[in-house]
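>>> Structure here, sequence nowhere to be found:
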């Protein structure tokens with residue numbers, strides 16, 4: 001096989017190389033440079049071999065390259081199985097398969113691998129641009145397959161593209177049926193590998209100086225919210241609860257690895273707020289809800305600190321309905337183990353802060369007065385809000401309160417909680433998001449990673465856990481208008497977050513509205529929504545067997561209808577113009593007494609007709625040669641069909 005000459009025309013190889021490059025191109029930014037160079041060199045080598053009809057490399061050389069690439073992938077990724085390493089291996093194997101392509105079967109294997117590569121792109125992105133680009137790639141791959149299967153067919157690339165487009169349109173009804181009725185399972189069709197969320201930004205189980213402020217540079221969407229009411233609550237009331245931090249080691253706050261359940265009971269003090277959250281996958285368990293949630297989404301739990309946790313890591317976009325109360329009173333006592341944990345401070349860390357807390361507590365008549373005094377210190381003294389705070393050492397709270405006095409929300413939340421605990425006031429840190437941007441195009445709210453925030457909850461005997469936001473004392477704009485509005489002038493922000501170009505901002509909201517619709521209708525088509533659809537068509541207790549039955553019936557009906565339409569088209573199909581012209585040519589000769597026998601080929605008939613009509617021998621030979629080239633040559637000329645029909649027309653005038 002390795003010594004066989006290239007059996008394909010350059011045009012077919014070029015189509016195949018182009019379609020493979022098109023579907024592999026999005027992976028280039030994610031692959032190591034040496035794999036990109038190796039794949040590009042192998043593809044260039046295959047094109048060069050097709051151009052000059054060179055022999056393909058021997059199998060031992062391909063095996064040597066494959067072994068070296070396998071070792072390189074293992075060294076680069078530390079594994080062979082996995083999303084990134086698996087795609088890198090697939091790319092190398094694809095390029096090596098190109099180097100041994102000598103038969104139509106080899107070409108078809110490569111085309112099917114290209115179809116599989118289309119799927120791998122959706123492991124990284126399922127956005128509208130990705131879907132449109134991959135649809136175009138499928139069109140080109142299908143056109144390539146048409147070119148290989150009909151290498152002698154006239155029409156060139158126009159015929160390939162047109163035929164591929166018709167095939168995709170015919171497949172569209174089947175695709176719709178499979179999308180709607182193919183039995184879905186809970187979660188993804190296959191488990192996402194460990195490296196799938198290595199680059200995802202967002203909140204974590206820990207909070208240290210700089211961990212939240214780093215998110216300000218990210219305009220990625222954390223989740224979207226649709227409120228049932230006509231207008232959402234005011235921005236200063238939009239606290240989206242996330243991880244709750246109880247433990248402090250002197251530098252970093254962390255959430256419990258094993259959450260406490262069940263949830264505490266609280267007394268609502270206002271009307272319920274109903275809304276729907278669509279959270280983006282972040283590889284963690286927590287869900288987000290307005291402070292405080294009063295409903296638990298399906299397959300989730302609520303901990304005793306009112307944190308919502310999904311049953312597994314969130315690897316897919318999730319949509320859930322929620323109910324919250326913005327004003328509330330904790331109606332239960334604080335257990336001893338919670339009180340001890342909410343007062344715990346490590347060793348002798350941050351001694352200056354402890355001393356400051358003791359002195360301030362002496363001047364306060366009760367805990368609530370002490371809280372107000374600490375907030376007044378932040379508000380009235382020389383503290384500032386900044387996205388680029390100075391680096392802090394081993395006693396970050398001491399340095400922040402006495403030296404730098406410039407920080408982001410995590411600095412104020414951490415120092416406030418330490419001041420509370422040092423004075424005997426139970427406190428914990430809550431992280432999540434605050435505020436959001438109303439998209440007036442789609443009438444929903446967008447909460448971005450840049451809206452990440454941290455605040456504190458303290459325990460009052462008469463009210464229970466109460467939210468205190470020390471950042472609002474320093475920068476009221478952060479809570480009233482959002483993180484971007486609170487950033488001081490001169491500090492860097494992404495262009496799209498600044499909103500300086502109104503038309504660009506509006507265009508972005510319009511696009512996000514389209515993306516949200518795509519997420520809700522296409523990507524959000526879950527098992528629950530599929531069961532709702534089955535109930536609408538009369539199947540109340542839908543199982544995978546009943547859905548499979550409906551799916552097979554629907555696909556059978558569609559296939560039958562398409563088959564009948566194609567058979568009808570064959571019956572009314574116009575004759576081949578070349579065949580019709582040749583039939584007219586034979587009819588003219590029959591009128592001269594030269595009748596073509598049914599078993600007589602065009603070359604034999606041409607010679608006999610030329611002998612019978614010597615005065616027409618030149619015209620008969622020219623027309624017959626054109627016909628033979630059109631019917632039996634692998635690569636006829638682009639204008640041969642038109643030349644043939646014109647020659648037949650002229651022959652008729654001479655006959």
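On my side now, so go ahead. Predicted model only: the values in this text are computed from it and were never measured.
>>> The residue most central in space within the chain and residue 117: what is the separation?
When C-alpha atoms, centre = their mean is applied to the chain, the residue found nearest the centroid is residue 125 (2.1 Å). Residue 125 sits 14 Å away from residue 117, going by C-beta to C-beta, to the nearest Å. C-beta: built from backbone N, CA, C; applies to glycine.
>>> hang on, residue 429 in a strand?
Yes: looking at residue 429 with DSSP: H, G, I helix; E, B strand; the rest coil, it is inside a strand.
>>> got the contact list for the closest residue to it other than its chain neighbours?
Spatial nearest neighbour of residue 429, chain neighbours left out: residue 245 (4.0 Å); criterion: C-beta to C-beta, 6 or more residues apart in numbering. The contact partners of residue 245, by C-beta atoms under 8 Å, 6 or more residues apart in numbering, come to 206, 207, 253, 254, 255, 428, 429, 430, 431.
>>> ok, now with 6 Å
Contacts for residue 245 (C-beta atoms under 6 Å, 6 or more residues apart in numbering) come out as 207, 253, 255, 429.
>>> Provide the backbone phi and psi angles at it.
Main-chain torsions, residue 245, degrees, to the nearest 10: phi -100, psi 120.
>>> on that earlier part again, let's have the contacts of residue 245 in TSV, adding pLDDT.
Below are the contacts of residue 245 laid out as TSV (pLDDT from 0 to 100):
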residue	pLDDT
207	89
253	92
255	88
429	95
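>>> would CSV of those residues with neighbour count, secondary structure and distance to residue 96 be doable?
Below are the contacts of residue 245 laid out as CSV (neighbours: other C-beta atoms under 10 Å; DSSP: H, G, I helix; E, B strand; the rest coil; distance: C-beta to C-beta, whole Å):
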residue, neighbour count, secondary structure, distance to residue 96
207, 24, strand, 48
253, 25, strand, 51
255, 24, coil, 48
429, 24, strand, 54
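>>> For residue 22, give its distance to residue 106.
In this view, residue 22 and residue 106 are 20 Å apart by C-beta to C-beta.
>>> low-scoring stretches of this protein, by residue?
Within the chain, the stretches with pLDDT under 70 are 1-8, 151-155, 185-201, 259-261, 331, 485-486, 488-501, 569-575, 634-639, 652-655.
>>> Return the longest helix in it, judged by number of residues.
Taking DSSP state H as the criterion, the chain has its longest helix at helix 544-571.
>>> What secondary structure category should be reported for residue 281?
coil.
>>> For it, the count of nearby residues, please.
Per other C-beta atoms under 10 Å, the neighbour tally for residue 281 reads 18.
>>> same check, this time on residue 632
Residue 632 has 12 neighbouring residues, counting by other C-beta under 10 Å.
>>> got a list of what residue 620 touches?
606, 609, 610.
>>> If we use 10 Å, what do you get?
Contact analysis of residue 620 by C-beta atoms under 10 Å, 6 or more residues apart in numbering lists 585, 589, 594, 605-614, 651.
>>> neighbour-wise, which of residue 22 and residue 106 wins?
Applying other C-beta under 10 Å to residue 22 and residue 106 shows that residue 22 carries more neighbours, namely 21 against 16.
>>> Correct me if wrong: the more buried one contacts residue 143.
No: when contacts are counted by C-beta atoms under 10 Å, residue 22 is not listed as touching residue 143 (11.2 Å).
>>> coming back round to it: top of the contacts of residue 620 by number of neighbours, please.
residue 585 (26 neighbours).
>>> Could you measure from that residue over to residue 579?
On the measure of C-beta to C-beta, residue 585 and residue 579 end up 11 Å apart.
>>> Need the residues touching each of those two.
Contact criterion C-beta under 10 Å, 6+ apart; residues shared by residue 585 and residue 579: residue 627.
>>> and the gap between the closest residue to residue 118 other than its chain neighbours and residue 165?
Closest residue to residue 118 apart from its sequence neighbours, by C-beta to C-beta, 6+ apart: residue 134 at 5.0 Å. As judged by C-beta to C-beta, residue 134 and residue 165 stand 16 Å apart.
>>> any idea which helix or strand carries residue 322?
Assigned by DSSP states H and E, residue 322 belongs to strand 318-324.
>>> which helices and strands sit right next to that strand?
In terms of contacts (3 or more C-beta pairs under 10 Å, 6 or more residues apart in numbering; DSSP states H and E), strand 318-324 is packed against strand 221-227, strand 239-245, strand 273-279, strand 289-290, strand 308-310.
>>> Of those strands, which is nearest residue 323?
Smallest distance to residue 323 across these (C-beta to C-beta): 5.4 Å, for strand 273-279.
>>> Neighbouring strands of that closest one in the sheet, and parallel or not?
Neighbouring strands of strand 273-279 in its sheet, by DSSP bridges, are strand 221-227 (antiparallel), strand 318-324 (antiparallel).
>>> how about that strand: buried residues?
Neighbour-count burial for strand 273-279, counted by 16 or more other C-beta atoms under 10 Å, picks out 273, 275, 277, 278, 279.
>>> what do you get for stretch 54-62?
Across stretch 54-62, burial judged by 16+ other C-beta under 10 Å covers 56, 57, 62.
>>> For the first one, give its distance to residue 38.
Taking C-beta to C-beta as the measure, residue 56 and residue 38 are separated by 17 Å.
>>> In contact with residue 305, which residues?
By C-beta under 10 Å, 6+ apart, the residues touching residue 305 are 241, 243-246, 255-256, 259-260, 263-264, 338, 342, 428, 430, 457, 465.
>>> Okay, angle between the strand holding residue 322 and strand 239-245 too, please.
Strand 318-324 runs at 100 degrees relative to strand 239-245, counting by axes from the mean of the first three to the mean of the last three C-alpha atoms, to 10 degrees.
>>> circling back: pick the one among the contacts of residue 245 closest to residue 229.
Nearest to residue 229 among the contacts of residue 245, counting by C-beta to C-beta, is residue 429 at 30.4 Å.
>>> ok, that closest one touching residue 211?
No: contact criterion C-beta under 10 Å: residue 429 and residue 211 do not qualify, at 11.5 Å.
>>> Strands of the stretch 501-650 of the chain, residue ranges please.
Secondary structure of the stretch 501-650 of the chain (DSSP state E, counting those that start in this stretch): no strands present.
>>> rewinding a little: same for the longest helix of the chain, what does it pack against?
In terms of contacts (3+ C-beta pairs under 10 Å, 6+ apart), helix 544-571 is packed against helix 156-181, helix 527-536.
>>> Please say which of residue 134 and residue 165 ends up with more neighbours.
residue 134 (19 against 13).
>>> That one belongs to a strand, doesn't it?
No: membership of residue 134 in a strand is not supported by three-state DSSP, which gives helix.
>>> mind checking how far it is from residue 281?
To residue 281, residue 134 is 19 Å away according to C-beta to C-beta.
>>> repeat for residue 601
66 Å.
>>> Nothing else from me, thank you.
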